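Trainee: turn this into a structure:
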Amino acid sequence: MLGMLFNEKECKELDYVLRKELDEMLLDLSDQRLDQNIRHAIANRYKTVFRMYARFAPQKELSKYAWGGRSSQYKH
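Mentor: Next up is the predicted model:
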């Protein structure tokens, strides 16, 4: 396990970067032109980034990125 300390400005920046990355991956997952293997890799990466975001994001914000409303084919 690795620990890091961030100041308030850095926390806000990390929050922004992770949200934008999650948004981009959701957009990619909805693109039917992408190969299934690529979409599977994106889904795995999404889970990792979501777990990072979930460590400090408010519950209200997490619900936007939860898998609940997503297609079950990406729940690997």
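Trainee: so which helix or strand takes in the nearest residue to residue 34 once chain neighbours are set aside?
Mentor: In space, and not counting its chain neighbours, residue 34 is closest to residue 28: 6.5 Å by CB to CB, 6 or more residues apart in numbering. In short, each C-beta sits where N, CA and C put it, glycine included. According to DSSP states H and E, residue 28 maps onto helix 8-29.
Trainee: tell me the mean pLDDT over that helix?
Mentor: Mean per-residue pLDDT for helix 8-29: 95.
Trainee: then stretch 46-55?
Mentor: With pLDDT averaged residue by residue, stretch 46-55 scores 94.
Trainee: got the CA coordinates for it in PDB?
Mentor: Taking Å, rounded to 0.1, in the frame of the first residue of the first chain, the C-alpha atoms of stretch 46-55 are listed here in PDB:
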ATOM      1  CA  TYR A  46     -12.700   2.000 -15.300                       C
ATOM      2  CA  LYS A  47     -13.100  -0.200 -12.200                       C
ATOM      3  CA  THR A  48      -9.600   0.800 -11.100                       C
ATOM      4  CA  VAL A  49     -10.100   4.500 -11.600                       C
ATOM      5  CA  PHE A  50     -13.500   4.400 -10.000                       C
ATOM      6  CA  ARG A  51     -12.000   2.700  -6.900                       C
ATOM      7  CA  MET A  52      -9.500   5.500  -6.700                       C
ATOM      8  CA  TYR A  53     -12.200   8.200  -7.000                       C
ATOM      9  CA  ALA A  54     -14.400   6.400  -4.500                       C
ATOM     10  CA  ARG A  55     -11.800   6.900  -1.800                       C
END
